[in-house]
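A.B. asks: dropping the sequence and predicted coords here.
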Amino acid sequence: MVVASVELPGLTNKDIGAGAAIAANKSIHQKTVSVELAEAASAVVAIDKLIASAVASGTLQAIEGTIVVQATGADRTVTVDLHRSTGGGSFATVLSTTVDITDSTTILVPTAGVISTATVADGDIYKLVCTVAGGASAQAKGLVVTLVFDESPIG
């Protein structure tokens, strides 16, 4: 008798040896996408930027933004939202709380957003929507936004 597959309850990562020959199409892939929205010496400005398209179904795990230079104006803010288009539809936010950066945000420490729609479908397209506000003194400089996706195997 030949068994095509076996479900092993309780099998965890520690149970699989480092040299195990497991095919890539049998594992979930974690993909990190980092996008620089402003260079280290440049003030953050408003921008919409297409950043990723999904090649498989999966889950959006995290979003965070990091600045290099703190804003000096008390009214200065940077807001980063993540929008998704599914099946050619219009873009809409997938966050319940945006990545919000103010004059009190600590430099080089990631600020997280909160994901409300984590499901990713093959073909989804993602874009970052960055808005800025305030007029006192100087805006924050240098902004990188990082997303973490878990993708199902292709095929």
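C.D. replies: Arrived safely. Numbers count the residues shown, from 1 in each chain.
A.B. asks: grab the longest strand from this structure for me.
C.D. replies: Of all segments of type strand in the chain, defined using DSSP state E, the longest is strand 29-43.
A.B. asks: what is that strand packed up against?
C.D. replies: Other elements packing on strand 29-43 under the criterion 3 or more Cβ pairs under 8 Å, 6 or more residues apart in numbering; DSSP states H and E are strand 47-53, strand 58-69, strand 125-133, strand 141-151. Just so you know, the C-beta spots here come from the backbone N, C-alpha and C atoms, and that holds for glycine as well.
A.B. asks: pLDDT below threshold where in the protein?
C.D. replies: Under the criterion pLDDT under 70, the flagged ranges of the chain are 1-11, 24-26, 155.
A.B. asks: can you pull up the most central residue in it?
C.D. replies: Centre of the chain computed as the mean C-alpha position; nearest residue by Cα atoms, centre = their mean is L147, 1.7 Å away.
A.B. asks: mind listing what the closest residue to that one other than its chain neighbours touches?
C.D. replies: With Cβ to Cβ, 6 or more residues apart in numbering as the criterion, L147 has its nearest non-adjacent residue at 4.6 Å, and that residue is V33. By Cβ atoms under 8 Å, 6 or more residues apart in numbering, the residues touching V33 are I51, A52, T146, L147, V148, F149.
A.B. asks: one more pass at 10 Å, please.
C.D. replies: I51, A52, I63, Y126, L128, V145, T146, L147, V148, F149 (Cβ atoms under 10 Å, 6 or more residues apart in numbering).
A.B. asks: who wins on neighbours among the residues you listed?
C.D. replies: When neighbours are counted by other Cβ atoms under 10 Å, I63 leads these with 26 neighbours.
A.B. asks: re the thing from before, gap between the residue nearest to the centre of the chain and I115?
C.D. replies: 10 Å (Cβ to Cβ, to the nearest Å).
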